[in-house]
Each structure stands twice: as C-alpha cells, then as structure tokens.
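Enquirer: Fold the following for me, if possible:
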Amino acid sequence: MQYVSQKARFSSCSLYRYSLERSWEEGKGRVLFIGLNPSTADHKRDDPTIRRCVGFAKSWGYQSMEIVNLFAFRATYPKDLKAASNPIGKQNDIWISNAEKRSDLIIVCWGSITMGRDRAADLVKKLKYPHCLKINQTREPAHPLYLRADLKPIHYMVLRNSGR
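Expert: Numbering: from 1, shown residues only. Predicted coordinates for the structure are as follows:
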C-alpha cells in the first residue's frame with residue numbers, strides 16, 4: 001500500500017509506542033482505533049493488524065487512521081505485556097486524549113482482555129461516542145484482525161448493552 005504519510009511516536013527508550021498514523025490519497029476524515037497494546041508496526045512497516053485497520057478505514061471512505069492502545073508497551077505476546085513493570089506508559093493517556101480530538105470516528109477494538117478491564121471501562125466512559133465492529137463473548141469490543149471485511153461501525157455501548 002502506498003501512503004501519503006506514515007508516522008509512529010515512541011518513548012525515548014523505544015519500549016512504548018504511543019501512536020501510529022497512516023494516511024492515503026482518497027477519502028476524508030480520520031478514524032481512531034484503540035487496541036490493547038502495540039506489536040511490531042512502526043513508521044516504516046505495517047503488521048497484520050495495521051493493514052486490517054487501514055482496510056476498514058479506507059472501505060468506510062476515510063483518508064487516514066491512527067492507532068493508540070490501552071497499554072503502550074510493545075509486546076507481541078500477552079505474557080510479555082503482563083510482565084512489564086509499567087505497561088501503560090507515562091505519556092499514554094495524553095496521546096489517547098489528543099488522538100481522540102483529531103478523530104472523526106472512534107473504534108474500540110482491544111479484544112478479549114485478561115488484564116486491564118478496569119482501565120478499559122474507565123477509558124470508555126471518557127470517550128465521545130465510541131464505536132466497535134463486533135462484541136465478543138466476553139462483552140468486549142472484538143479485535144479487528146479476523147473480522148469480516150464488510151463490517152460497519154456500531155455504537156459500542158448500545159451493542160454491548162443489547163446482549164447481541
């Protein structure tokens with residue numbers, strides 16, 4: 001995929017990724033995806049989750065997307081995230097707040113979580129009109145990677161409280 005812009009913001013130690021942005025030629029507006037934690041993607045390389053989020057944003061007619069996470073600690077495996085002394089990261093809440101202000105649509109998508117449920121619940125209360133793509137069996141917003149490509153955003157609290 002050809003991008004107009006590719007950005008990623010890391011902590012000075014590079015253990016934390018606070019934000020990742022992609023933009024392309026067509027469309028209007030920006031989608032914010034809020035996941036659990038960052039993996040391997042950076043300002044040059046996409047990982048499968050980033051490619052999937054870009055695909056959703058493009059299919060909905062947006063021109064850019066940004067990803068932030070409940071936890072900014074970069075980990076491919078959940079055990080590494082759990083072992084981190086400060087998985088959230090000192091500046092993460094500031095980055096989440098600023099990303100929300102820049103966005104036209106917010107998609108929460110952290111998947112089934114075994115840690116951080118209180119953090120997720122607190123964040124959702126602060127967000128303006130959060131959406132998701134699907135609710136999983138634990139009533140959390142599904143991770144985008146293995147979802148159908150034709151899904152459309154649904155208001156998260158309505159779907160979560162509906163029992164669907």
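
Enquirer: Tell me the pLDDT of the nearest residue in space to Leu151 that is not next to it in sequence.
Expert: Excluding its sequence neighbours, the residue lying closest to Leu151 (Cβ to Cβ, 6 or more residues apart in numbering) is Leu133, at 4.6 Å. Quick note: C-beta positions are derived from backbone N, CA and C, even for glycine. Leu133 carries a pLDDT value of 97.

Enquirer: Which residues are in contact with Leu133?
Expert: Counting by Cβ atoms under 8 Å, 6 or more residues apart in numbering, Leu133 makes contact with 56, 107, 109, 141-142, 144, 147, 151-154.

Enquirer: What sits closest to the residue sitting nearest the centre point of the chain if chain neighbours are left out?
Expert: By Cα atoms, centre = their mean, the chain has its centre lying nearest to Ile34, at 2.5 Å. Sequence neighbours aside, Val108 is the residue nearest to Ile34 in space, at 5.0 Å (criterion: Cβ to Cβ, 6+ apart).

Enquirer: tally of neighbours for the one you found?
Expert: Counted by other Cβ atoms under 10 Å, the residues lying close to Val108 total 23.

Enquirer: Kindly report the same for Asn98.
Expert: Asn98 has 15 neighbours, counted by other Cβ under 10 Å.

Enquirer: SS state for it?
Expert: Reduced to three states with DSSP: H, G, I helix; E, B strand; the rest coil, the structure at Asn98 is helix.

Enquirer: Is Arg9 located within a strand, as I assumed?
Expert: Yes: counting by three-state DSSP, Arg9 falls inside a strand.

Enquirer: partner residues bridging it?
Expert: Beta bridges link Arg9 to Ser19 when assigned by DSSP bridges.

Enquirer: Okay then, goodbye and thanks.
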